[in-house]
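A.B. asks: sequence and predicted structure below; questions after.
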Amino acid sequence: DGQMLNATITAQSLLSTPEDFEQIVIRAETDGGLVLVRDVARVEIGAESYATSAHYNGAPTAGMAIQLATGANALDTSERVKEKLEDVSAFFPDGVEYRIPYDTTPFVEISIESVVHTLFEAIGLVFLVMLLFLQNLRATLIPTLAVPVVLLGTFGIMALFGFTINTLTMLAMVLAIGLLVDDAIVVVENVERIMEEEGLGPYEATKKSMDQITGALVGIALVLSAVFIPMAFFGGSTGVIYQQFAITVVSAMMLSVLVAVTLTPALCATMLRKPEHGAKERGIFGLFNRGFDKLTNGYAGTVGYVIKRPLRVGILYLMIGGLMAFLFVRTPTGFLPDEDQGILFTIVQGPTGSSAEQTEEVLSKVRSYYLEQEGELVNSVFTVNGFSFAGQGQNMGIAFVSLKDWDDRPEAQQSVGALAGRAFGAFSQIQEGFVFPIVPPAVIELGNVSGFDFYLQARNGQSHEQVIEARNQLIGMAMQGGKIASVRPNGLEDAAQFKLDVDWQAAGAMGLSASEVGNLLSVAWAGRYVNDFLDRGRIKRVYVQGDAPYRMVPEDIERWRVRNATGGLVPFSNFAEGSWEYGAQGLYRYNGIPAVQLQGSPAPGVTTGEAMAEIEALAAQLPPGYEVAWTGLSLEERESGSQAGLLYALSLAAVFLCLAALYESWSIPVAVMLAMPIGITGALIAAWLGSFENGVYLQVALLTVIGLTGKNAILIVEFARERMDAGAPLYSGVTEAAKQRFRPILMTSMAFSLGVLPLVLSSGAGSGGRTAIGSGVLGGTLSSTMLGVIFVPVFFVIIHRLTKGWRKTRPGAETVKS
């Protein structure tokens, strides 16, 4: 009709079905015939890669890993992922379900819940101790009211520093509970004592009490802060752990002192009442008081006796110091204690050249053992064929074994460590490959395995064959020593390889280029990515590869031909020869030096520190030029041990300088510092009795004990100095000061000890760290309380007499304060 219009011209842009690819024209004949792809190839929809396969409890599975982003909340992310899976599962085909075989958040959640439960237990026990000693509900409530105030402020400071509520910060909170009520207890106890002994009212008694003890409170705060502050400046992974503890505890301590000199006096002046005459002499409290008075009088008599016999006390003190040094040297080193996280890894490594089918047979045996022999403990087994932490290949595999809830396996033989031990014995009978059950490290981000991890470096230019020989020699010696349970190479082993030698001169004479030869080998034997296609709205890849029957044996190479420049086809046999050889599948370097990686675990009863020392001793027996370089958790453990001495030195130096500045004296701080070995010895004895390693948690415990020991010593030294300034004779003044401070020292120490007791008795998820730090702190607190209250008065007398005699030898020394 002559009508004009605009129209869009469309054409097929991307092929989308196998039939479309089959119709591609490869060649057109002169007679009009066509050679299509379907004439020379098989086109099918398949997987992008067949390198790996997975099974969940034996059922075919498609696995997916989700990695937490830096700074993200693990619990929130896990919950959102589970919600999303639940939503999309409604669209799954029939018979397809989702399962989560490996999830680290239940351990994190239960660990935090356990620590929070321990926190409330500590608060309750501390309350009971205060009620027992103060014997007055009003007086007991005053320090108790300080707890939520200080905790709330501490959480605010944690948020300011970007900290999260995690196991480390909550552990620090539990430690701080016993410490943060100490200051308030000292205030309340002293006010009560003044009201009872001098008959003053609450306001007057509070005012007089604060004049007496403010200096001691400030000194205690400085000492405790000085102990922990150096921890906040250490770097590396160990420094991150130190910082969590340091800033949390120091924040709680500073807020505790602030509350003790502001809120607590106000509460004392308004809430306390004059005690009724004889009220504390009746009932259970009366019985307790009479017994405690006898204990106090006996203590005062003991102090009066020992301060006149400093030589005997000095000999005993030297023995304690020797015991401390002995225990410190003999306590095996470590980093973090192993934790039962409810998951167990199992590495499978078949002989080099093993097929995926052979590896699957071994994985099937592993799966059957866990589900049938250990079915009461195991929840699920997720296996991956073709991948492990040691590398990728058809002879590699890994199993993620998820255990049942911790409440369902409370016995020691039901722990992940005990399960790993039994599995190791069972898997040693498997002849088709090496199978290693591995307990995950306490901090997954610092490595894949617990135990020890190192590289054997070749520093003298040794050949690959020499390095492998030295590695095998080291493994043989380690397995014969008795201290190593297992040691294994980590990486792909040397394997048989088919080498194709190309005569490039002959190939060139036949019109072949190197690129054409390489392209054909790549396409025929390895497969090559060509382009993309659309499949039901999704972009997928197109691969070209020789069909399986034409690439099964080395002789199949001769069946392939390369097109030359003139269009002719030249067989490989005309210009190439094949031969078998044995060589490395990869060459590894560590810090730029040729090396091989090895991993292992210590024998039962042997710590990682002892196992690492054994490996270094055995490596020294190898030919010259080999060196052990630690990595992963082992490197962190070694660096942690090297930093520990510097950390202790900085903390002790900071404590001494703070005390020297506070008292404007060099002698008084010495009396306080001399008490430190007593508390440290108790902590080391507790670690020895509990078979704990000298790792990060014990180091934190030792620093806490240093602060607590200094706190008790300050209470005695401060009051002894006041008695001396008031003109009291040396012996009677020191004895009276020790007697007067005995009750608050014992009360605060008992409150702190019961506050950490739930840590010592904890079990279940995360109990390894809690028991390690709790036992060390409890042992140090007990020794510093029972022995420190005896030794500190003696130290004060000795230092006073020494400094007094020294000053008399200097002109004008009588004007200097003691």
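C.D. replies: Sure thing, it's come through.
A.B. asks: who are the packing partners of the lengthiest strand in the chain?
C.D. replies: When the chain is scanned for its longest strand (criterion: DSSP state E), the result is strand 391-403. Packed against strand 391-403, as judged by 3 or more Cβ pairs under 8 Å, 6 or more residues apart in numbering; DSSP states H and E, are the following elements: strand 343-349, helix 356-368, strand 378-388, helix 416-427. C-beta coordinates here come from the backbone N, C-alpha and C atoms, glycine included.
A.B. asks: what pairs with that strand, parallel or antiparallel?
C.D. replies: Sheet pairing for strand 391-403, assigned by DSSP bridges, gives strand 343-349 (antiparallel), strand 378-388 (antiparallel).
A.B. asks: so the nearest residue to A172 once chain neighbours are set aside versus G578, what's the distance?
C.D. replies: With sequence-adjacent residues excluded and distances taken as Cβ to Cβ, 6 or more residues apart in numbering, A172 is closest to T248, at 3.7 Å. Distance, T248 to G578, using Cβ to Cβ, to the nearest Å: 66 Å.
A.B. asks: more neighbours, those two?
C.D. replies: T248 (25 against 14; other Cβ atoms under 10 Å).
A.B. asks: list phi and psi for the more buried one.
C.D. replies: phi -70, psi -50 (degrees, to the nearest 10).
A.B. asks: before we move on, the earlier item: how far off helix 416-427 does the longest strand of the chain point, in degrees?
C.D. replies: Relative orientation of strand 391-403 versus helix 416-427 (axes from the mean of the first three to the mean of the last three Cα atoms, to 10 degrees): 120 degrees.
A.B. asks: quick check: mean pLDDT of strand 391-403?
C.D. replies: Over the span of strand 391-403, the pLDDT mean works out to 88.
A.B. asks: and that strand, how far from the chain's centre?
C.D. replies: 24 Å (Cα atoms, centre = their mean, to the nearest Å).
A.B. asks: ok, stretch 199-207 next?
C.D. replies: 50 Å.
A.B. asks: for that stretch, buried residues please.
C.D. replies: 200, 202, 205-207 (16 or more other Cβ atoms under 10 Å).
A.B. asks: now those as a markdown table including pLDDT?
C.D. replies: Formatted as a markdown table, those follow (pLDDT from 0 to 100):
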| residue | pLDDT |
| --- | --- |
| L200 | 84 |
| P202 | 86 |
| A205 | 88 |
| T206 | 89 |
| K207 | 89 |
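A.B. asks: could you export those residues as a markdown table, including distance to G690 and secondary structure?
C.D. replies: Shown next, in a markdown table, are those (distance: Cβ to Cβ, whole Å; DSSP: H, G, I helix; E, B strand; the rest coil):
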| residue | distance to G690 | secondary structure |
| --- | --- | --- |
| L200 | 47 | coil |
| P202 | 45 | helix |
| A205 | 44 | helix |
| T206 | 43 | helix |
| K207 | 46 | helix |
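A.B. asks: tell me which of these is nearest to W630?
C.D. replies: T206 (57.4 Å; Cβ to Cβ).
A.B. asks: my read: the closest one touches V191, true?
C.D. replies: Yes - using Cβ atoms under 8 Å, T206 makes contact with V191 at a distance of 5.2 Å.
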